[in-house]
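Colleague: Everything below, folded, please.
(2 chains)
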Amino acid sequence: NAGVMQNPRHLVRRRGQEARLRCSPMKGHSHVYWYRQLPEEGLKFMVYLQKENIIDESGMPKERFSAEFPKEGPSILRIQQVVRGDSAAYFCASSATWGTPEKLFFGSGTQLSVL
Amino acid sequence: AQTVTQSQPEMSVQEAETVTLSCTYDTSESDYYLFWYKQPPSRQMILVIRQEAYKQQNATENRFSVNFQKAAKSFSLKISDSQLGDAAMYFCAYSSLIQGAQKLVFGQGTRLTINP
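Modeller: Purely as a prediction, here's the structure:
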């Protein structure tokens, strides 16, 4: 049973380009969470999605950032017109149910570097 | 809003000795979870130990144990018989049952070095 898969592991973009980060949750998991880790900081919650629905996006920046989790395929975190301050590690986590924190599984993250 | 504070940016310990990592948090809620996660250089977030706030007994997982002081809002991690593989960043985290148990609030982390 593969874990949470994130790709790419490293992504380099120039300022103004778009970044697309993908997350395939564990098999059977329909809840996906995205977190961002800035250098030398802890992870910060961005968004919580279920299949085809955004449940909580209270941690998402208001502009340039969007997330989706379609009925088929991986969850996508999209950052438009990237700036240097977007450089961070972006983690995805998944769970089969809501409300069971011990059943939350993290991917290995995507390191985004903006030149 | 809940906050989690780790006041030790770095800690070091001799192999086979014991080390304690500190964590304090702020919340007005009575039911919540507390966690310690380990992040090695591979970046993988690994759950080390979990504590439910309603449980008075401190959680233990093999060489890892916590000292949970609810009134003081303190949640320290003790690692006994430290091993080289314990070297990593350690993050304390909080989650609220009301706001979603998987919406974690993390501290800034403590980098643990194990000296052979």
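Colleague: what secondary structure does residue 28 sit in?
Modeller: No chain in the question, so chain A it is. Under DSSP: H, G, I helix; E, B strand; the rest coil, residue A:28 falls in the coil class.
Colleague: Actually, chain B is the one I wanted.
Modeller: Secondary structure for residue B:28, judged by three-state DSSP, is coil.
Colleague: Could I get the contacting residues of it?
Modeller: The contact partners of residue B:28, by Cβ atoms under 8 Å, 6 or more residues apart in numbering or on different chains, come to none. In this view, the C-beta of every residue, glycine as well, is placed from N, C-alpha and C.
Colleague: Look up how far chain A lies from it.
Modeller: 18 Å (Cβ to the nearest Cβ, to the nearest Å).
Colleague: How about the contacts made by the closest residue to chain B within chain A?
Modeller: In chain A, the residue that lies nearest chain B is residue A:42 (3.2 Å; Cβ to the nearest Cβ). Counting by Cβ under 8 Å, 6+ apart, residue A:42 makes contact with B:4, B:91, B:93, B:106, B:107, B:108, B:109.
Colleague: Quick check: bridge partners of the most centrally placed residue in chain B?
Modeller: When chain B is reduced to its mean C-alpha position, the nearest residue by Cα atoms, centre = their mean turns out to be residue B:36, at 3.0 Å. Beta bridges link residue B:36 to residue B:49, residue B:92, judged by DSSP bridges.
Colleague: quick one: contacts for it?
Modeller: B:21, B:23, B:47-49, B:64, B:66, B:75, B:77, B:90-93.
Colleague: Among these, which one lies nearest to chain A?
Modeller: Distances from chain A to the contacts of residue B:36, taken by Cβ to the nearest Cβ, are shortest for residue B:91, at 5.2 Å.
Colleague: The closest one and residue B:112, how far apart?
Modeller: 11 Å (Cβ to Cβ, to the nearest Å).
Colleague: Those two: who's more crowded?
Modeller: residue B:91 (26 against 21; other Cβ atoms under 10 Å in any protein chain shown).
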